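In: how does the following fold in three dimensions:
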Amino acid sequence: MIVTKRPEQIELEIDLIEKLLSVPDKRTLKGRRDATVTRLALETGLRVSEICGGKVENLVRNDQHYYILIRTAKKRRDEYREIPLTGGVIEGLHSYWQLEYGTKAPSGDEPLFRNLGRH
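Out: Predicted coordinates for the structure are as follows:
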């Protein structure tokens, strides 16, 4: 079960999560992107706007763990929430970026996920 810490808690059964993650065709760039976006949303509870606005520079690694920094809605621009990422999200990002960028790594100002246009 995945439970958010927001007032409207949502519980999803494991089989439903597996079905959602199996829908995208991971052999394609769009499929890898969509699968990683779906996993990121399900595992972190991030809003669509937070995922779409994420940049590579927002990923940080402390010790053995990866986090994504999400700007808080407060007035100060330098306040962030640190959201832990699972190995599945990190693997998905690497797999997507490998197909998207090839051997070069994305630069810090690149978005986490590119708009691939209408398909």
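
In: past the worst-scoring helix or strand of the chain on mean pLDDT, which element shows up next along the chain?
Out: Every helix and strand of the chain was ranked by mean pLDDT, DSSP states H and E. The lowest is helix 14-22, at a mean of 85. On the C-terminal side of helix 14-22, the closest following helix or strand by DSSP states H and E is helix 29-44.

In: residues of the helix or strand just after that next one that come out buried?
Out: Remark: after helix 29-44, the chain's next helix or strand is helix 48-52, criterion DSSP H and E. Neighbour counts using 16 or more other C-beta atoms under 10 Å place 50, 51 of helix 48-52 among the buried residues. Just so you know, the C-beta spots here come from the backbone N, C-alpha and C atoms, and that holds for glycine as well.

In: elements contacting helix 48-52?
Out: helix 29-44 (3 or more C-beta pairs under 8 Å, 6 or more residues apart in numbering; DSSP states H and E).

In: switch to 10 Å and redo it
Out: With contacts taken as 3 or more C-beta pairs under 10 Å, 6 or more residues apart in numbering; DSSP states H and E, helix 48-52 sits against helix 29-44, strand 65-71.

In: out of these, deepest packed?
Out: Mean neighbour count (mean count of other C-beta atoms under 10 Å) peaks for helix 29-44 among the helices and strands packed on helix 48-52, with a mean of 20.
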